[in-house]
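Colleague: heads up, no residue letters with this:
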C-alpha cells in the first residue's frame, strides 16, 4: 500500500549530542516529517478521500504520533488533508468542478505573477531560475518525477516571488498546497503525454522570462495552467493508480 521511504532519523541519532540544541533537533524532525509526509501524499501513495493511516506511517517514518499529527496540521492548512474531529485525517479529494475553479484562479495568479516578475526580476534571479530549469530537465531525462516535480514547484514559486507583491504571494501560497497533489499526478495523463508537453512549455516560460516579455509570459503561464487542468481532469476520470518509478 505504501511506497518505500527512507527513515527520518539516522540509525546513529539515538541520543542528543553533547552541546546540541534540543530545540533545533526538534525543528529538524518536524521539517523532515513534514517534507516526507507531504511527498508521500502528493505522490499518490494514499488515495484521495482515504483516511491517513497514522500507525503505519509512524512505523514507516520511525516517529511517534506527536510529530506526525503536528505535520498533519500543517498539511491541513495547505489544503492537502482534512482533519476529522477525533477521527484523525483524510486526504482531500477534489471533484472536477473543484479542479476547474482552482486551476482558473491559479492560472490568473501565475499569469499576473509572470507579468509583474518581468518588471521586477533581477539578472541574478533569472540566472537562478535558469539553473533550476536545467536541473529539472535533467530529472526529466532520467524520468525522475520526484526530483522533477520538486524543482518544477520551485521555479513557479521563484517567479511569483519575483513579482514583488506580498499579497499575491500569500494568496498563491494558500492555493498552491491544495493543487500540489493533482499537479503532480497530471504529469502522468497518458493520452496527452503531459510530462513532455509541460517540459516544452517550461522552455517557453524561460525564454519569455529572459526577454522580460511580461505579456507573453503571462499568456504562457495561463495556458500552462489550463493544460495542466485538462490533464488533471483526464487523470481523475481515468482513475489511474500512482505510477511506479519505472514507468
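Modeller: Perfect, I can see it now. Source: prediction; values computed, not measured.
Colleague: Extract the residue ranges of the protein that are flagged as low pLDDT.
Modeller: By pLDDT under 70, the low-scoring segments of the chain are 1-27, 190-192, 239-247.
Colleague: try 50 this time
Modeller: Scanning the chain for pLDDT under 50 picks out 1-25, 240-247.
Colleague: tell me the centre residue of it?
Modeller: residue 180 (4.2 Å; C-alpha atoms, centre = their mean).
Colleague: Confirm residue 189 sits in a strand?
Modeller: No - with DSSP: H, G, I helix; E, B strand; the rest coil as the criterion, residue 189 is assigned coil and is not in a strand.
Colleague: quick one, what contacts it?
Modeller: By C-beta atoms under 8 Å, 6 or more residues apart in numbering, the residues touching residue 189 are 231, 232, 234, 235, 238. For every residue, glycine as well, the C-beta is placed using N, CA and C.
Colleague: from memory residue 169 sits against residue 162, does it?
Modeller: No - contact criterion C-beta atoms under 8 Å: residue 169 and residue 162 do not qualify, at 10.0 Å.
Colleague: Neighbour count: those two, which is higher?
Modeller: Between residue 169 and residue 162, residue 162 has the larger neighbour count (other C-beta atoms under 10 Å), namely 22 against 16.
Colleague: sorry, back to before: contact partners for the residue nearest to the centre of the chain?
Modeller: Counted by C-beta under 8 Å, 6+ apart, residue 180 has contacts 38, 42, 78, 80, 153.
Colleague: Please, which helix or strand holds it?
Modeller: Using DSSP states H and E, residue 180 sits within helix 166-186.
Colleague: Tell me the helices and strands packed up against the helix or strand following that helix.
Modeller: Sequence-wise, the next helix or strand downstream of helix 166-186 (DSSP H and E) is helix 194-210. Helices and strands touching helix 194-210, as assessed by 3 or more C-beta pairs under 8 Å, 6 or more residues apart in numbering; DSSP states H and E, comprise helix 96-120, helix 123-141, helix 145-162, helix 214-238.
Colleague: Make JSON lines out of those helices and add distance to residue 58.
Modeller: Output for these, formatted as JSON lines (distance: least, C-beta to C-beta, whole Å):
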{"stretch": "helix 96-120", "distance to residue 58": "30"}
{"stretch": "helix 123-141", "distance to residue 58": "30"}
{"stretch": "helix 145-162", "distance to residue 58": "22"}
{"stretch": "helix 214-238", "distance to residue 58": "30"}
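Colleague: for these, which one sits closest to residue 185?
Modeller: Among these, the nearest to residue 185 by C-beta to C-beta is helix 214-238 (5.1 Å).
Colleague: Would you mark the buried spots in that closest one?
Modeller: For helix 214-238, a neighbour-count test (16 or more other C-beta atoms under 10 Å) marks 214, 216-222, 224-225, 227-236 as buried.
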